[in-house]
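>>> Here is a sequence together with a model predicted from it:
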Amino acid sequence: MVSPDDKRTLLAVCMSTRRLVHAFASSVSLQEDDTLQHLLDTAAGPCLQLLELHGIRLTVTAVPRLTGAPWSGLLCSLTLDNCGLNRATVGQLAAANWPMLQHLSLRNNKLGKTAIKAMAGGKWPHLAHLDFSSNKLNADAITQLTRFGWMYRLSGLEVHDNPEMDVNAVRILGRGVWPHLKGLGISGGFELREFVPLAAAAWPHLESLCLECNYCPPLYVSFAGFWQNLQNLQLRTHEPSRHGNLPLPARLGLLHADWRNLQSLSLSYSHLCGRGFFELAYGDWPLLRSLDASHLWLTEDAHDFLPEDYAGFAMGYWPQLTHLCLSHNGVNSECAAKLIRADWPKLQTLDLSYNDIGATGSESLAQGDWPAMEHLCLHGNKPESLCQYCILQDRF
């Protein structure tokens with residue numbers, strides 16, 4: 001992409017049938033009723049490098065006008081989401097010359113095996129990020145993807161919300177030879193154990209991983225020893241474990257994985273039990289900067305998280321931690337008071353919004369030894385806790 005110091009004009013256009021189109025560093029103005037032809041006529045300058053089309057139907061007659069535009073050879077990012085693409089139009093895109101294209105998004109186009117096969121001859125030597133979310137990818141389509149020579153250079157891949165993907169598709173995905181892959185996002189109607197084949201994938205440079213599944217069965221899934229460069233991990237489950245009491249960190253092998261470079265961990269909506277919340281403190285993540293453990297208290301049992309769970313959690317040794325989110329967890333004043341024992345010298349933001357903290361909890365938090373604290377969020381708690389907010393503002 002163009003650096004901030006580049007003196008060339010960067011024209012970025014986003015066109016949608018529902019939203020007003022906006023442009024940056026350009027006099028081009030596109031309105032809701034503008035057509036693709038108007039876009040081609042108005043933005044015909046040679047500097048267009050980012051183009052987003054949302055909900056604009058592209059037919060076999062429209063695509064050639066797009067690919068033949070004078071600025072198509074300079075595009076670095078192309079988004080064609082919900083544009084009614086099919087095998088024919090995808091084939092036209094693949095046949096065009098995209099020498100500078102780095103990012104391609106084809107979300108929500110109902111693309112399946114035949115459409116993916118049409119991409120075989122794609123001419124995008126610098127393509128680094130591909131988004132195939134919300135389509136009809138299955139095992140056969142994933143097989144086609146893994147065979148493309150241009151996928152070898154890929155550094156980012158997103159295949160969220162493809163309902164036809166199954167455990168076989170995940171297994172094939174894990175066999176992909178993508179030595180430069182740094183980011184992967186995958187979600188669907190999976191169980192956590194169906195992601196196990198990914199643990200053996202040959203992706204030595206993987207830095208960001210987002211997994212979203214239906215629920216987490218009581219199965220020990222160890223990612224230990226893999227992806228030692230992992231920096232960002234997001235894990236979300238839609239339903240609690242249907243049987244067994246083994247906490248999620250133990251089931252994942254999170255506490256044993258050699259993720260010395262992990263900087264961001266999101267377990268939002270992951271249905272941790274009290275013991276699992278406590279066990280997070282044993283995670284050896286010396287570079288961890290951001291931890292999202294929100295929306296964990298999702299049952300009617302008010303004793304899911306006890307004060308001793310928070311006392312244990314506060315023992316976590318994360319010297320680089322700057323952001324912590326514990327919102328929507330039913331935290332009461334007694335639990336909040338246990339957090340002040342934590343030794344997080346660089347903590348800047350603590351989000352405890354939408355919990356059950358009262359005045360005593362607010363007063364306890366004001367005693368925390370957090371020299372770098374800049375923002376403490378308490379909105380959505382008991383009214384009396386907000387009465388102490390001015391005290392906390394003075395404190396932090």
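Yep, that arrived. This is a predicted model, so every value here is computed, not measured.
>>> Show the pLDDT at residue 289.
At residue 289, the pLDDT value in this model is 95.
>>> My error: substitute residue 210 in the last question.
The model's pLDDT for residue 210 equals 87.
>>> Would you mind naming the helix or strand containing it?
strand 208-215 (DSSP states H and E).
>>> Any chance you could list what contacts stretch 157-177?
112, 129-139, 141-143, 145-146, 151-152, 178, 181, 183-190, 194-195, 197-202, 210, 212 (CB atoms under 8 Å, 6 or more residues apart in numbering). Glycine gets a C-beta too; all of them are placed from N, C-alpha and C.
>>> what does stretch 73-87 give?
Looking at what lies outside stretch 73-87 - CB under 8 Å, 6+ apart - the contacts are 1-2, 46-59, 93, 97-111, 114-115, 117-118.
>>> list the buried ones in that stretch?
By 16 or more other CB atoms under 10 Å, the buried positions in stretch 73-87 come out as 74-83, 85-87.
>>> and of those, the nearest to residue 343?
Comparing these against residue 343 with CB to CB places residue 77 closest, at 42.9 Å.
>>> For that closest one, give its distance to residue 56.
Residue 77 sits 16 Å away from residue 56, going by CB to CB, to the nearest Å.
>>> With residue 116 instead?
22 Å.
>>> Neighbour count for these two, which is higher?
residue 116 (25 against 20; other CB atoms under 10 Å).
>>> residues in contact with whichever strand or helix holds that one?
Secondary structure from DSSP H and E places residue 116 in helix 113-117. For helix 113-117, the external contacting residues (CB under 8 Å, 6+ apart) are 85, 86, 87, 90, 109, 137, 138, 140, 141, 144, 145.
>>> Now do the buried residues in it.
Across helix 113-117, burial judged by 16+ other CB under 10 Å covers 113, 115, 116, 117.
>>> How far away from the center of its chain is that helix?
26 Å (CA atoms, centre = their mean, to the nearest Å).
>>> How about stretch 79-88?
23 Å.
>>> just stretch 70-89 next, same as before
The answer for stretch 70-89 is 23 Å, by CA atoms, centre = their mean.
>>> For the stretch 151-300 of the chain, just list every one of the strands.
With strands called from DSSP state E, counting those that start in this stretch, the stretch 151-300 of the chain shows them at 156-159, 183-187, 208-215, 232-239, 264-266, 290-292.
>>> From residue 314, how far off is residue 99?
54 Å.
>>> re earlier: which residues does the next helix-or-strand element following the helix holding residue 116 contact?
Downstream of helix 113-117, the next assigned helix or strand under DSSP H and E is strand 129-131. The contact list for strand 129-131, computed with CB under 8 Å, 6+ apart, reads 102-107, 151, 154-158, 183.
>>> Out of the residues you listed, which one has the weakest pLDDT?
residue 151 (83).
>>> Residue 144 is in contact with that one, correct?
No - shown here, residue 151 and residue 144 do not form a contact pair, counting by CB atoms under 8 Å, at 9.9 Å.
>>> Residue 95 reaches residue 119, doesn't it?
No - using CB under 8 Å, residue 95 is not in contact with residue 119, being 9.9 Å away.
>>> When the two are compared, which one has more neighbours?
Shown here are residue 95 and residue 119; by other CB under 10 Å, residue 119 has more neighbours (23 against 15).
>>> State the distance from that one to residue 87.
Following CB to CB, the distance that separates residue 119 from residue 87 is 10 Å.
>>> same thing with residue 123?
Distance from residue 123 to residue 87, by CB to CB: 18 Å.
>>> Let me see the contact set for the closest residue to residue 333 other than its chain neighbours.
Excluding its sequence neighbours, the residue lying closest to residue 333 (CB to CB, 6 or more residues apart in numbering) is residue 361, at 3.1 Å. Residue 361 is in contact with 331, 332, 333, 334, 335, 336, 337, 381, 385, counting by CB under 8 Å, 6+ apart.
>>> And the pLDDT for residue 117?
Value listed for residue 117 in the pLDDT field: 91.
>>> quick one: it and residue 64, what's the gap?
21 Å.
>>> how about low-confidence regions in the stretch 1-150 of the chain?
Residue ranges of the stretch 1-150 of the chain with pLDDT under 70: 1-47.
>>> now the stretch 251-396 of the chain
Using pLDDT under 70, the flagged stretches of the stretch 251-396 of the chain are 251-257, 271-276, 297-305, 384-396.
>>> show me where it has helices.
Assigned by DSSP state H, counting those that start in this stretch, the helices in the stretch 251-396 of the chain fall at 274-279, 307-313, 333-338, 359-365, 383-386, 389-395.
>>> roughly how far apart are residue 379 and residue 110?
Distance from residue 379 to residue 110, by CB to CB: 41 Å.
>>> I meant to write residue 282 there.
For residue 282, the distance to residue 110 - CB to CB - is 45 Å.
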